[in-house]
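Chemist: what's the 3D shape of this:
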Amino acid sequence: MEHKPFLLIFLFVLLLGLGACNSAGGSEPEVEDSSGSAVGNDDIKDAPPADKISVDNCAEAGPGTHQLVDAAQGICFLYPDNYDVFQGEDGSLTLYVRSLLNTEAPLASIHFASLDGRSIQEVIPDYPSDAELAAMSLLTIELGSEQATVLDNLPGQDTNRRIIALHDGLVVDIMVARIGADYGSVGEQAEALYEMITNSFQFIGIEPEAPLLAGPECPDAPTGTTLFTNAEDGFCLLLPDGYAVDDSLTTESGGGETAVYVNSPQDVTHARLFITVEDAGSLTLDEVTTAKRAELESAIPGFEAIWSFGYMMDGVPANQIDQVPGQDLSRQVVAVHNGILYTLTFVPDDPAEGSYTDMQTLYDMVMDSFSFTFTDRNGGVEVSPSTPTGSIFGWVWHDVCQSGKEGEPSLTSAPEGCIESTSPPGSYQADGRKDPLEPVIPEIVVRLGQGACPAAGLAEVKTIETDISYSFAGLNAGTYCVSISPLEEANFSLLIPGIWTYPEMSEGTIGMTVTLEEGQNVYDINFGWDHQFLP
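Modeler: This next block holds a predicted model:
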């Protein structure tokens with residue numbers, strides 16, 4: 001395999017030698033924003049020399065677009081106005097629609113790293129197989145004032161396209177995921193997102209202490225909606241016309257409460273929303289969620305509170321508990337921001353109720369528009385976000401091996417997805433590689449511990465049947481252990497008999513040690529299980 005890095009470098013040398021080429025064949029591509037207006041390089045004002053370019057030279061936002069200015073990293077560009085922006089503690093940027101885990105929309109991310117004297121060939125990642133290398137296409141484009149290398153059809157959680165540029169000693173690495181014909185309309189949206197970012201992208205003078213500016217702090221109110229701002233509790237959001245608001249209420253603990261209703265907070269014929277804002281102390285989102293689950297289950301005999309994760313409120317992770325019993329079934333969303341606990345309770349969360357559709361409309365509008373105004377409730381002083389934002393995501397999946405059924409003729413070679421083995425499942429076992437079609441295994445207890453493996457006791461979650469099956473969010477920088485025991489009661493009937501195939505072959509407790517930097521999101525902490533009596 002030692003020839004592969006050489007081949008990749010050769011291709012880059014060849015392509016960089018053709019620096020005049022780009023994806024548009026010499027013409028500047030355009031993309032329409034949501035209003036139908038074209039966004040292209042002509043929208044960028046004539047720029048002065050590179051070392052004097054300022055924010056004034058950035059492309060200006062128009063209908064359907066927002067402007068992002070990250071002067072600390074020296075970049076600006078336009079993005080669609082239905083996207084939110086999450087900034088990690090390491091300065092990385094993620095553009096997403098509603099949730100980082102939303103697979104029904106494209107995702108884009110931008111990472112920055114010091115060049116440290118490396119060449120472009122040393123920056124480009126090495127791909128380990130001939131098939132992956134053969135599937136890639138490479139070209140060069142002009143990104144702002146620099147030549148950038150584009151790598152297309154890259155394998156990963158989703159097929160993606162990466163743009164890598166070098167500027168002022170910095171590596172700028174842009175990734176657009178779920179791009180290509182295989183993703184249908186989502187792939188088309190990803191192409192448009194790619195075009196909008198790259199066509200409007202501009203390098204600007206670096207201001208190390210400058211805050212990120214991404215769209216308006218509070219959204220504009222389209223026809224049929226009303227913008228509500230609660231300056232004291234530090235948030236704003238959109239509401240459908242016809243709703244009234246009372247933000248003078250208080251909770252038993254002295255926190256603020258806002259009621260959103262049609263006729264009155266007691267009106268059960270219309271959808272309602274209650275937002276409470278309380279001191280979270282030093283509790284993380286997962287700790288708050290665990291405490292809230294325990295509180296609900298002790299107050300309501302027989303109720304098992306199952307929460308789901310992966311939601312975002314203005315770049316802040318949030319968890320959700322559905323169909324909470326009470327006077328009416330409710331949906332609760334919780335987030336921790338700047339040491340403050342925000343709880344949004346939507347009523348009714350009951351499809352049998354006539355106002356359920358209105359509740360869903362209210363929920364969608366509020367979750368899409370909710371913005372923190374970064375104020376201190378004791379006087380309106382602007383503060384910096386300090387909530388731990390690190391996270392660990394992964395899959396627990398059924399590693400499928402179609403090795404034949406009992407009574408069928410013996411195989412003479414390992415079938416696709418299998419490798420030869422002397423392990424308990426038989427002569428063949430699954431290969432430890434996650435295929436996109438292999439299913440996740442729901443209801444598996446995954447444990448998190450502080451420190452290197454073996455460690456547990458910090459938190460636990462159950463996997464769910466979705467694109468990403470488990471998550472631990474709101475984590476500080478540090479070292480953690482993610483582990484699963486197939487022998488504990490909750491997992492035994494779901495896994496035994498069988499064997500782990502990833503990250504290693506094992507029949508007992510398996511774990512992976514993960515070290516997080518501040519605000520880092522680590523994906524692909526995965527565990528593959530081969531069921532003995534399943535395909």
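Chemist: Give me the domain ranges for this structure.
Modeler: Domain assignment for the chain by automatic domain parsing gives 3-214, 225-372, 390-531.
Chemist: Report how far apart the opening and closing residues of the second one are.
Modeler: Domain 225-372 has an end-to-end distance of 19 Å (criterion: Cα to Cα, to the nearest Å).
Chemist: same thing with the last one?
Modeler: For domain 390-531, the first-to-last residue distance is 32 Å (Cα to Cα).
Chemist: which residue ranges form the helices in the stretch 101-250 of the chain?
Modeler: For the stretch 101-250 of the chain, helices defined by DSSP state H, counting those that start in this stretch occupy the ranges 120-123, 130-135, 184-200.
Chemist: Lowest average pLDDT across those helices?
Modeler: Mean pLDDT per stretch puts helix 130-135 lowest among these, at a mean of 59.
Chemist: where's the residue nearest to the spatial centre of the chain relative to residue 228, distance?
Modeler: With distances taken as Cα atoms, centre = their mean, the residue of the chain nearest its centroid is residue 100 (2.0 Å). As judged by Cβ to Cβ, to the nearest Å, residue 100 and residue 228 stand 26 Å apart. Where you see a C-beta, it was placed from the backbone N, CA and C, and this is true even at glycine.
Chemist: and what of residue 367?
Modeler: Using Cβ to Cβ, we find residue 367 at a distance of 14 Å from residue 228.
Chemist: tell me what the helix or strand hosting residue 258 is packed against?
Modeler: Element membership of residue 258, judged by DSSP states H and E, is strand 256-261. Contact here means 3 or more Cβ pairs under 8 Å, 6 or more residues apart in numbering; DSSP states H and E; on that basis strand 256-261 packs against strand 225-230, strand 244-250, strand 272-279.
Chemist: Kindly recompute the last result at 7 Å.
Modeler: In terms of contacts (3 or more Cβ pairs under 7 Å, 6 or more residues apart in numbering; DSSP states H and E), strand 256-261 is packed against strand 244-250, strand 272-279.
Chemist: Okay, angle between that strand and strand 272-279 too, please.
Modeler: Here the directions of strand 256-261 and strand 272-279 differ by 170 degrees (axes from the mean of the first three to the mean of the last three Cα atoms, to 10 degrees).
Chemist: Show me what strand 256-261 is in contact with.
Modeler: 230, 232-233, 239, 243-247, 249-251, 265, 267, 270, 272-277 (Cβ atoms under 7 Å, 6 or more residues apart in numbering).
Chemist: Tell me which stretches of the stretch 401-535 of the chain form helices.
Modeler: So, for the stretch 401-535 of the chain - with DSSP H, counting those that start in this stretch - the helices run 489-495.
Chemist: Show me what residue 226 is bridged to.
Modeler: On the basis of DSSP bridges, residue 226 is bridged to residue 239.
Chemist: Equivalent analysis for residue 513, please.
Modeler: Here residue 513 sits in beta bridges with residue 481, as judged by DSSP bridges.
Chemist: Do you know the pLDDT at it?
Modeler: We note a pLDDT of 95 for residue 513 in this prediction.
Chemist: now residue 318
Modeler: Per-residue confidence (pLDDT) for residue 318: 91.
Chemist: Which element, helix or strand, includes it?
Modeler: strand 316-324.
Chemist: can you list the residues that contact that strand?
Modeler: 285, 289, 296, 305, 307-309, 311-312, 329-335, 337, 349, 372, 387, 389, 391, 473-474.
Chemist: Which among these count as buried?
Modeler: Using 16 or more other Cβ atoms under 10 Å as the burial test, the contacts of strand 316-324 include 285, 289, 296, 305, 307, 309, 311-312, 329-335, 337, 349, 372, 387, 389, 391, 473-474 as buried.
Chemist: So which of those are in helices?
Modeler: Taking DSSP state H, the ones among the buried ones among the contacts of strand 316-324 that sit in helices are 285, 289, 296.
Chemist: Could you check how far the strand holding residue 258 is from the centre of its chain?
Modeler: 29 Å (Cα atoms, centre = their mean, to the nearest Å).
Chemist: same question, stretch 179-187
Modeler: The chain centre lies 19 Å from the centre of stretch 179-187; the measure is Cα atoms, centre = their mean.
Chemist: Ok, stretch 524-531 next?
Modeler: On Cα atoms, centre = their mean, the centre of stretch 524-531 falls 21 Å from that of its chain.
Chemist: Pull out the buried residues from it.
Modeler: Buried, per 16+ other Cβ under 10 Å, within stretch 524-531: 525, 526, 527, 528, 529, 530, 531.
Chemist: Need the mean per-residue confidence for that stretch.
Modeler: Regarding stretch 524-531, the rounded mean pLDDT is 90.
Chemist: For it, which outside residues touch it?
Modeler: For stretch 524-531, contacts defined as Cβ under 7 Å, 6+ apart pick out 157, 392-399, 401, 425, 429-430, 432, 434, 441, 482, 484, 495, 498-502, 510, 512, 514.
Chemist: are any of those buried, and which?
Modeler: Neighbour-count burial within the contacts of stretch 524-531 applies to 157, 392-399, 401, 425, 429-430, 432, 434, 441, 482, 484, 495, 498-502, 510, 512, 514; the criterion is 16+ other Cβ under 10 Å.
Chemist: Give me the subset of those lying in strands.
Modeler: Residues of the buried ones among the contacts of stretch 524-531 located in strands (DSSP state E): 392-394, 396-398, 429-430, 482, 484, 498-502, 510, 512, 514.
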